[in-house]
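> What would the 3D arrangement of this be:
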Amino acid sequence: MRRNFKFYYSLVFGLLVSVSVSNASEGGEDSDMSLKVLLNTDTFFGFNPAFYGTKKVSEKTDFTFYGIFWSAGTGGPGTQGWGNWTEFGLGAGFDLGHGLYFNPALGLLSGNLLSAGGQPKLGEGFVPNFTLTYNTKGWEGEVYAGYYRGLQRTAGLTNNYLHYWVNYGRKFSDFFSSGLHFEHLRFLGGSNRASGSAYDYYRTLGPYIQFASVKRGSFVRFMGGHDFRSDGQRVKSGYGIDSFWKMTVGFNF
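Predicted coordinates for the structure are as follows:
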């Protein structure tokens, strides 16, 4: 039954790719693709570059796609070497007006983190997610949430996670902005996990600063904050670092 489910999921994901690309192609030459490349590093995931692409479908709607190279990861004992963990996803972007842009998406995971170790697996899990951004002349903000659900099992086990963040800041000029960033990563348990096995890997709040070039579409952002978990959560997770930092360099093409 589970094998059939994985087959149907792969089939649906493949059909979604075909239909989405076909619809996006109907936009013609005037709806050029845009691509944003981010070079990220943070305390838990280590170096995790990503790309985000859009292609106009209509005046207010985009076809979107993205990829994250989670690579080996750095968080916690026993988690080094996640099977070249890779996330690839498709979605749709909606211009809601008043500086708001909403992008729901569905990602496919490959590696061995969600499948609880063992050999890396293609399509080991999926992640429904969304991003809501706010961008005006004087203010900026972003909300992201993703639910990482394991599909394939090693020794009957899977791992599930919830990852989300919220940030909001003031643009003091075209070059400089600053604000606050909150981020939370939680292990939710998984298949054949004991009741009460969930715990936090980090829950952090701190300031960020950003330097941007509007003309070139590039920026640099640094965030640092304290990890507000309890001592019990640090012991349970096996991940004891009590601070968090993240740096991103972004390029738009």
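> dump the residue contacts of the residue nearest to Lys246 when sequence neighbours are not counted.
Nearest non-adjacent residue to Lys246, counting by C-beta to C-beta, 6 or more residues apart in numbering: Asp42, 3.9 Å away. Quick note: C-beta positions are derived from backbone N, CA and C, even for glycine. Going by C-beta atoms under 8 Å, 6 or more residues apart in numbering, Asp42 touches 48, 244-247.
> Dump these into CSV; add pLDDT as well.
Listed next are those as CSV, based on pLDDT from 0 to 100:
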residue, pLDDT
Asn48, 94
Phe244, 96
Trp245, 97
Lys246, 97
Met247, 98
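> which of those are buried?
48, 244, 246 (16 or more other C-beta atoms under 10 Å).
> Which member of the residues you listed is positioned nearest Ala212?
Within the buried ones among the contacts of Asp42, the smallest distance to Ala212 is 16.4 Å, found for Lys246 (C-beta to C-beta).
> Please state the offset of the one helix or strand Ser34 maps to from the chain centre?
Element membership of Ser34 [criterion: DSSP states H and E] is strand 33-42. Between the centre of strand 33-42 and the centre of its host chain there is 11 Å, according to C-alpha atoms, centre = their mean, to the nearest Å.
> strand partners of it, parallel vs antiparallel please.
Strand pairing for strand 33-42, using DSSP bridges, gives strand 46-47 (antiparallel), strand 50-56 (antiparallel), strand 243-252 (antiparallel).
> just the helices in the chain please.
2-25, 231-237 (DSSP state H).
> weakest of those helices in terms of mean pLDDT?
The minimum mean pLDDT among those belongs to helix 2-25 (a mean of 52).
> quick one: pLDDT of the residue nearest to Tyr201 when sequence neighbours are not counted?
The shortest distance from Tyr201 to any non-neighbouring residue, by C-beta to C-beta, 6+ apart, is to Leu185 (4.4 Å). Looking at Leu185, its pLDDT is 97.
> what do you get for His226?
97.
> next one: Gly118
Confidence score, pLDDT, at Gly118: 80.
> before we move on, what about Gly156?
So, for Gly156, pLDDT stands at 90.
> That one and Gly117, how far apart?
Relative to Gly117, Gly156 is positioned 12 Å away (C-beta to C-beta, to the nearest Å).
> So which of the buried ones among the contacts of Asp42 is the closest to Gly190?
Closest to Gly190, out of all of those and judged by C-beta to C-beta, is Asn48, at 21.8 Å.
> picking that back up, show me what the residue nearest to Tyr201 is bridged to.
His163, Tyr202.
> again with Phe211
Assigned bridge partners for Phe211, using DSSP bridges, are Phe176, Val220.
> sorry, back to before: out of the contacts of Asp42, which is nearest to Val220?
Met247 (7.7 Å).
> okay but Tyr147 is in contact with Leu162, surely?
Yes: using C-beta atoms under 8 Å, Tyr147 is in contact with Leu162, at 5.8 Å.
> which neighbours do these two share?
Contacts common to Tyr147 and Leu162, judged by C-beta under 8 Å, 6+ apart, are absent.
> Pick the one among the buried ones among the contacts of Asp42 closest to Trp70.
Nearest member of those to Trp70, counting by C-beta to C-beta, is Asn48, at 5.3 Å.
> List the contacts of the closest one.
Residues near Asn48 by C-beta under 8 Å, 6+ apart: 40-42, 68-71.
> ditto for Asn192
156-157.
> neighbour-wise, which of Gly156 and Gly117 wins?
Gly117 (16 against 8; other C-beta atoms under 10 Å).
> distance of the more buried one from Gly217?
40 Å.
> Ok, Ser230 next?
For Ser230 relative to Gly217 (C-beta to C-beta), the value is 41 Å.
> Who has more neighbours out of those two?
Applying other C-beta under 10 Å to Ser230 and Gly217 shows that Gly217 carries more neighbours, namely 13 against 10.
> now the closest residue to the more buried one other than its chain neighbours, which residues is it bridged with?
Distances taken as C-beta to C-beta, 6+ apart place Asn252 nearest to Gly217, at 3.2 Å, with adjacent residues excluded. Taking DSSP bridges as the rule, Asn252 bridges to Lys36.
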